[in-house]
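Enquirer: got a predicted structure here, sequence first:
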Protein chains: 2
Amino acid sequence: MTALKNDIFIRALLKQPIDRTPVWMMRQAGRYLPEYRQVREQAGSFLNLCTNPELACEVTLQPLRRFDFDAAILFSDILTIPDAMGLGLYFTEGEGPKFKNLIKTAADVEKLPIPDPHAELRYVVDAVSLIRKSLQGSVPLIGFSGSPWTLATYMVEGGSSKSFQKVKSLMYEQPKLLHTLLDKLAQSVAAYLNAQIEAGAQAVMLFDTWGGMLTSEDYIEFSLYYAKQIRALLKTNVDGQQVPTILFSKGGGLWLETMADAGYDALGLDWQTDIQLARARVGDKVALQGNMDPVALYAKPEVIVEKVKSILHKYGNGSGHVFNLGHGILPDINPDHVKAMVDAVHTFSPAYHQQST
Amino acid sequence: MTALKNDIFIRALLKQPIDRTPVWMMRQAGRYLPEYRQVREQAGSFLNLCTNPELACEVTLQPLRRFDFDAAILFSDILTIPDAMGLGLYFTEGEGPKFKNLIKTAADVEKLPIPDPHAELRYVVDAVSLIRKSLQGSVPLIGFSGSPWTLATYMVEGGSSKSFQKVKSLMYEQPKLLHTLLDKLAQSVAAYLNAQIEAGAQAVMLFDTWGGMLTSEDYIEFSLYYAKQIRALLKTNVDGQQVPTILFSKGGGLWLETMADAGYDALGLDWQTDIQLARARVGDKVALQGNMDPVALYAKPEVIVEKVKSILHKYGNGSGHVFNLGHGILPDINPDHVKAMVDAVHTFSPAYHQQST
């Protein structure tokens, strides 16, 4: 494989010295880009786009042609694993993801297979290989998966939820059954992420979108426990290169100290969490990724620049910060505003990376 | 006025010695009660119910006939103030509250009146008087208002929102205009809560439902600042009786230390916040109210009892805890499950209030 021309994203995650703060954006390959909407239309459906490695590769590369991002992220969906388990993922306009088959009983959990990443999920592994090759070492490629708890919420609720009544009722009334499900999911996620790493992913991120809906103790028992289990199973050294790992629990700002002990190299921060206080709380244990309010990208470029400066200033001196939004970019953001954000990180971050030697 | 027969709610908020932990429930007068649904149907609409003091009084008292709650809370809506300002509140099935007139420009803010609680909001003040009289001193009556930031979100968005694009764009691009709006709202809320206190409310609570959608610094500037301003204007001593104050910012668990300095007697906690850690963080500055996961009430009574015991144990010994949910009760909860929760607080909390003298 080609050596990386720009490895500041990897180095920041490992807290190694860099010249400026790397930047990428959650959902950077997305609907805010007209060229994405064109390919999406051509694909016919979101799922067609996800399952076609050539198209997935194309949309993964699109944002890198426009902006000086320091990482690419695999274009895929967080619900590929439950789909590969046979739940029948589909999308409805305006209502988000749905499953044809729900998890209701012990028998439902029992019969769930652990998907073979090279069989049912081969389209993802193929996309990773293709993207890695197409990147030609320009920037690293991030692989990802939904967290077991987050996947379980969709599998039990049948789709998105506001109160998480079904999955929490399972948690409160049949915790062992939920643990059985989460354990299967953790094994599946670890195998899936390892396959992505083998296929060329140079960093991996676990998206725990709904961890923040739990009580503190339930978060530790039903979400973080499995994030740790996955981390322990990951093959994070490939040909002598470390593959850094990122854990992002949206709404997890309360639990950063505990999360910092889960073995991940970095934690993602939502926008509510103050990154200065977060850094003080986690110390040298982990790098931090985030955390501009995605809604701030509606503001005019001058305002965006001030927000970027404020976050860089709050993180302060030295390596260990990857600039990002605190959640995925919204679909109707003006791409020029993204450029303002990226350029501001390039312009104002070097001051925080002056070598003292 | 009659002296209170049961004042443990007031005493807990003021951290005075009590024999057991008081309990009430956000949205305790609500759709989970068949007798509420009956009166709601009779009223014809939710707004008719809110604006009719006799019916509002009736539904306020309903939960107290079923459960041994230690406080009543005025039945009303958080959006009465913007409605009284002329925005035209209405409700659509499944979509929640809406306003006919939105706040878009400086002129819109300029022309907003500060409602006279005894004129446009007289129906609320009348309801408070009537409920207070009807309670005959059995338990204290809580008055409440939405926070300026929370009211502003609805007034600018025109209803509920997911991303808060409009109000945050105002915040990011025209912060002075938003401050002008929030200042008017703070004056209105203070006058409104003072009128409720004069009419008989024995404690007041500020509901900052959407404070938790802000960044840390924006929370302090655009939400907490006005909560403090209101607190400074409240007449919290009536005929020698203290009227305790509660501040509840949903999603505010990250900011408890700062909130504890805002002058309120107590902070409401959402269910994500660990009440043991919260108590350690706020020290003796404030009492704490909360914080069972509302979804836990779907579980069977044995599970509910364990959750109650866990929260009581986490808060630990001494006064300063009001048991509650971490958010309003959900509309399809079985009332028997509420009884299990209330009874468990009665049964298991006295152990934490043994006097050492």
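Expert: That came in fine, so what should we check first? Numbers count the residues shown, from 1 in each chain, chains lettered A, B, ... in the order given.
Enquirer: average pLDDT across stretch A:348-356?
Expert: Averaging pLDDT along stretch A:348-356 gives 90.
Enquirer: around chain B, pick out the residues from chain A.
Expert: Counting by C-beta under 8 Å from any C-beta of the partner chain, chain A comes close to chain B at A:163-165, A:168-169, A:172-173, A:212-219, A:251, A:253-254, A:271-274, A:277, A:293-296, A:298-300, A:303, A:307, A:310, A:330. No exception for glycine: its C-beta is placed from N, CA and C like everyone else's.
Enquirer: just the buried subset of the residues you listed, please.
Expert: Taking 16 or more other C-beta atoms under 10 Å in any protein chain shown as the criterion, what is buried in those is A:163-165, A:168-169, A:172, A:212-216, A:218-219, A:251, A:253-254, A:271-274, A:293-296, A:298-299, A:303, A:307, A:330.
Enquirer: report pLDDT for residue A:133.
Expert: 98.
Enquirer: ok, residue A:306 next?
Expert: 98.
Enquirer: elements contacting the lengthiest helix in chain A?
Expert: Longest helix of chain A, by residue count under DSSP state H: helix A:175-199. Here helix A:175-199 is seen to pack against helix A:80-82, helix A:106-110, helix A:122-135, strand A:141-146, helix A:148-157, helix A:165-173, strand A:203-208, helix A:225-233 when contacts are counted using 3 or more C-beta pairs under 8 Å, 6 or more residues apart in numbering or on different chains; DSSP states H and E.
Enquirer: need these in CSV with distance to residue A:262, can you?
Expert: Supplementary listing: these in CSV, determined by distance: least, C-beta to C-beta, whole Å:
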stretch, distance to residue A:262
helix A:80-82, 20
helix A:106-110, 25
helix A:122-135, 24
strand A:141-146, 15
helix A:148-157, 13
helix A:165-173, 20
strand A:203-208, 10
helix A:225-233, 5
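Enquirer: closest to residue B:73 out of those?
Expert: Nearest of the helices and strands packed on helix A:175-199 to residue B:73, taken as C-beta to C-beta: helix A:165-173 at 24.0 Å.
Enquirer: so what does that closest one touch, helix or strand wise?
Expert: helix A:148-157, helix A:175-199, helix B:301-315.
Enquirer: and these as TSV, adding distance to residue A:320?
Expert: TSV is the format used below for the helices and strands packed on helix A:165-173 (distance: least, C-beta to C-beta, whole Å):
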stretch	distance to residue A:320
helix A:148-157	26
helix A:175-199	22
helix B:301-315	33
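Enquirer: okay, now residue A:141: neighbour count?
Expert: The tally of other residues near residue A:141 (other C-beta atoms under 10 Å in any protein chain shown) stands at 25.
Enquirer: tell me how far stretch A:217-232 lies from the chain's centre.
Expert: 16 Å (C-alpha atoms, centre = their mean, to the nearest Å).
Enquirer: then stretch A:4-24?
Expert: Relative to its chain's centre, stretch A:4-24 lies at 17 Å (C-alpha atoms, centre = their mean).
Enquirer: same check on stretch A:286-298?
Expert: The answer for stretch A:286-298 is 13 Å, by C-alpha atoms, centre = their mean.
Enquirer: average pLDDT for that stretch, rounded please.
Expert: 98.
Enquirer: for stretch A:49-64, same thing?
Expert: The average pLDDT for stretch A:49-64 rounds to 98.
Enquirer: repeat for stretch A:218-232
Expert: 98.
Enquirer: can you give me the end-to-end span of that stretch?
Expert: Stretch A:218-232 has an end-to-end distance of 21 Å (criterion: C-alpha to C-alpha, to the nearest Å).
Enquirer: same check on stretch A:223-238?
Expert: Stretch A:223-238 has an end-to-end distance of 27 Å (C-alpha to C-alpha).
Enquirer: contacts for it?
Expert: By C-beta atoms under 8 Å, 6 or more residues apart in numbering or on different chains, the surrounding residues in contact with stretch A:223-238 are A:147-150, A:182-183, A:185-187, A:189-190, A:193-194, A:197-198, A:204, A:206, A:208, A:211, A:214, A:242-245, A:247, A:249, A:255, A:258-259, A:262-264.
Enquirer: let's go with 6 Å and repeat that
Expert: The set of residues external to stretch A:223-238 that reach it, using C-beta atoms under 6 Å, 6 or more residues apart in numbering or on different chains, is A:147-149, A:182, A:186, A:189-190, A:193-194, A:197, A:206, A:208, A:211, A:243, A:247, A:262-264.
Enquirer: please apply the same query to stretch A:158-172.
Expert: Contacts of stretch A:158-172 (C-beta under 6 Å, 6+ apart): A:96-99, A:102, A:152-153, A:156-157, A:178, A:213, B:295-296, B:298-299, B:303.
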